[in-house]
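Engineer: With the sequence up front, the predicted model follows.
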Amino acid sequence: MVELGLEFLDYRFKGQFLLVDQPIGYLGRNILENLRILFDGPRKKWNEQKNA
C-alpha cells in the first residue's frame, strides 16, 4: 500500500492504493463508482461516458 495521488482521465484521486509489479492493473470500486466508463471487451476498447 502506498499513499499517492492518481490522475485518470480528467479526474484526480488521493488516498491509499495497492501497487503491483505487473503490466496490467485494476481500478477499484472507489474509483469506478465516480466514473461512467463503457468497456467493450471484444473490440478491446473503452471510453468515458460524459454526463449529458
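Structural biologist: Arrived safely, thanks for sending. Numbers count the residues shown, from 1 in each chain.

Engineer: alpha carbons only for contacts and neighbour counts from here, please
Structural biologist: Noted.

Engineer: lowest confidence element among the helices and strands of this structure?
Structural biologist: Least confident helix or strand, the chain: helix 29-32 with a mean of 84, by mean pLDDT, DSSP states H and E.

Engineer: Give me the distance from that one to the chain's centre.
Structural biologist: How far helix 29-32 lies from its chain's middle: 7 Å, per CA atoms, centre = their mean, to the nearest Å.

Engineer: what do you get for stretch 31-41?
Structural biologist: Using CA atoms, centre = their mean, the offset of stretch 31-41 from its chain centre is 8 Å.

Engineer: Span of that stretch from start to end?
Structural biologist: Distance between the boundary residues of stretch 31-41 (CA to CA, to the nearest Å) amounts to 20 Å.

Engineer: Identify the bridge partners of Leu4.
Structural biologist: Listed by DSSP bridges, the beta-bridge partners for Leu4 are Gly15.

Engineer: Do I have it right that Arg12 meets Gly5?
Structural biologist: Yes - judged on CA atoms under 8 Å, Arg12 makes contact with Gly5 at a distance of 6.8 Å.
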